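# Give the three-dimensional model of this entry:
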Amino acid sequence: MRSVKGRSSTGPRLRGARARGRRTPPPPRWRRPVLVAGSLLLACSTATLAGWWAVSNNLAGQAGSVVLAKAADWTRSMGLEVKEVMAIGRARTKSGDIRDKIANIYGQNILLVDISEVRTQLESLPWVRSASVRRMLPDTLYLELDERRPTAIWEDENGVARLIDEHGEIIPVSDVGIFAHLPVVSGKGARTEVTALFRSLLDEPALVSRISGAQLVDERRWNVFLDGRIAVKLPAHEVGKAWGVLARAERETSLLERAIEAVDLRNPDWLVVRLVDEATGSAAVGRQA
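From the prediction side, this is the model:
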């Protein structure tokens, strides 16, 4: 019978039996976290010392660009370069305008694309309020646009018409004529306050849809114009409540279908209606509780 020198057929079983026989107690639970933390600290310290040594010997500047170039070439050879751009959320922003802003990123190493700069370029477009940019490896940039929503046309102190969004910010478009269907707002401070006005009127959407304009009076209260012909004088406070009174009167009596010049809602106890005499064109005042 041939034997293998230095090996015993009972070796493994004996080692296992000895281990079971000794019943070595398990290490304390705190030992593993401490060892891991210590290893990380040692690694960080070593890396810091190595970096300090490289800088003190002027090696980082010499080798860094070479290493970076090699890494860029290597990742590009693996297909990690920008070949496609996907954009969502685009309604009014032209695709050509997006391409003009990001034309220089095609063919770049996707890992080296300056995401912050791409976002800044996109947010400089007239309709883009904010943008997010993500990498989709290996070769695609994913753009998500949050566009401004045109809300009204604001006439400034000089009578110049400008398009504003739902936050009262100016949308820099060259032609506001195509937005002539939007309400026209005016008065000192109207641009920044009109959003709060519209928000307070939303409980009566049927009436809101008939608003053709709004004027802020003395920076404290609004005159709202309906159907381009009826001036509704709102109070300085409890605007929504007064608006609800008008909406109820319209539902119950079709008040706004009459030849009306103005409705005064400033008194909480009643509304005052100014009627137009169709025969003479003069105004008459009526009052409803």
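# where exactly do the helices run in the stretch 151-289 of the chain?
Using DSSP state H, counting those that start in this stretch, the helices found in the stretch 151-289 of the chain span residues 190-201, 205-208, 239-253.
# What residues of the last one count as buried?
Read that as helix 239-253. Buried residues in helix 239-253, defined by neighbour count with 16 or more other Cβ atoms under 10 Å: Val239, Ala242, Trp243, Gly244, Leu246, Ala247, Ala249, Glu250. Just so you know, the C-beta spots here come from the backbone N, C-alpha and C atoms, and that holds for glycine as well.
# Quick one: residues contacting the fourth one.
For Gly244, the contact set (Cβ atoms under 8 Å, 6 or more residues apart in numbering) comprises Asp203, Glu204.
# Next: the first one.
Residues counted as contacts of Val239 (Cβ under 8 Å, 6+ apart) are Leu197, Ser200, Leu201, Trp222.
# could you redo the last one with a cut-off of 7 Å?
Contacts for Val239 (Cβ atoms under 7 Å, 6 or more residues apart in numbering) come out as Ser200.
# and it, what pLDDT?
Predicted confidence (pLDDT) for Val239: 96.
# For it, give its distance to Ile171.
With distances taken as Cβ to Cβ, to the nearest Å, Val239 is found 26 Å from Ile171.
# before we move on, what about the second one?
Computed with Cβ to Cβ, the distance linking Ala242 and Ile171 is 30 Å.
# burial measure for Asp100, as a count.
By other Cβ atoms under 10 Å, the residues close to Asp100 number 11.
# In TSV, list the helices of the stretch 151-289 of the chain along with distance to Gly89.
Below are these laid out as TSV (distance: least, Cβ to Cβ, whole Å):
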stretch	distance to Gly89
helix 190-201	21
helix 205-208	25
helix 239-253	32
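# Can you say which of these is nearest to Val217?
helix 190-201 (9.7 Å; Cβ to Cβ).
# Leu202: what's it in contact with?
Contacts of Leu202 by Cβ under 7 Å, 6+ apart are Val208.
# Model confidence for it, exactly?
Predicted confidence (pLDDT) for Leu202: 95.
# any idea how far it lies from Ile171?
22 Å.
# How about Arg134?
From Arg134 to Ile171 the distance is 26 Å (Cβ to Cβ).
# so Ala87 makes contact with Arg99?
No. With contact defined as Cβ atoms under 7 Å, Ala87 does not reach Arg99; the gap is 9.8 Å.
# Give me the more crowded residue out of these two.
Higher neighbour count among Ala87 and Arg99: Ala87, with 18 against 12, using other Cβ under 10 Å.
# What degree of burial does the nearest residue to Ala236 once chain neighbours are set aside show, as a neighbour count?
Of all residues not flanking Ala236 in the chain, Arg221 sits nearest, at 4.1 Å (Cβ to Cβ, 6 or more residues apart in numbering). The local packing of Arg221 (other Cβ under 10 Å) involves 17 other residues.
# Now do the contacts for Arg221.
Neighbour list for Arg221: Leu234, Pro235, Ala236 [criterion: Cβ under 7 Å, 6+ apart].
# quick one: the residue lying closest to the first one once chain neighbours are set aside from Leu271, how far?
Spatially, and ignoring its direct neighbours in sequence, Leu234 is nearest to Trp222 (4.8 Å; Cβ to Cβ, 6+ apart). Going from Trp222 to Leu271 by Cβ to Cβ gives 15 Å.
# Ok, Ala152 next?
As judged by Cβ to Cβ, Ala152 and Leu271 stand 25 Å apart.
# Neighbour count for these two, which is higher?
Shown here are Ala152 and Leu271; by other Cβ under 10 Å, Ala152 has more neighbours (26 against 21).
# ok, now which ones touch that one?
Per Cβ under 7 Å, 6+ apart, neighbours of Ala152: Ile164, Leu182, Pro183, Val184, Val185, Val194.
# Could you rerun that using 10 Å?
162-166, 168, 179, 182-186, 190-191, 194-195, 197-198, 211, 213-214 (Cβ atoms under 10 Å, 6 or more residues apart in numbering).
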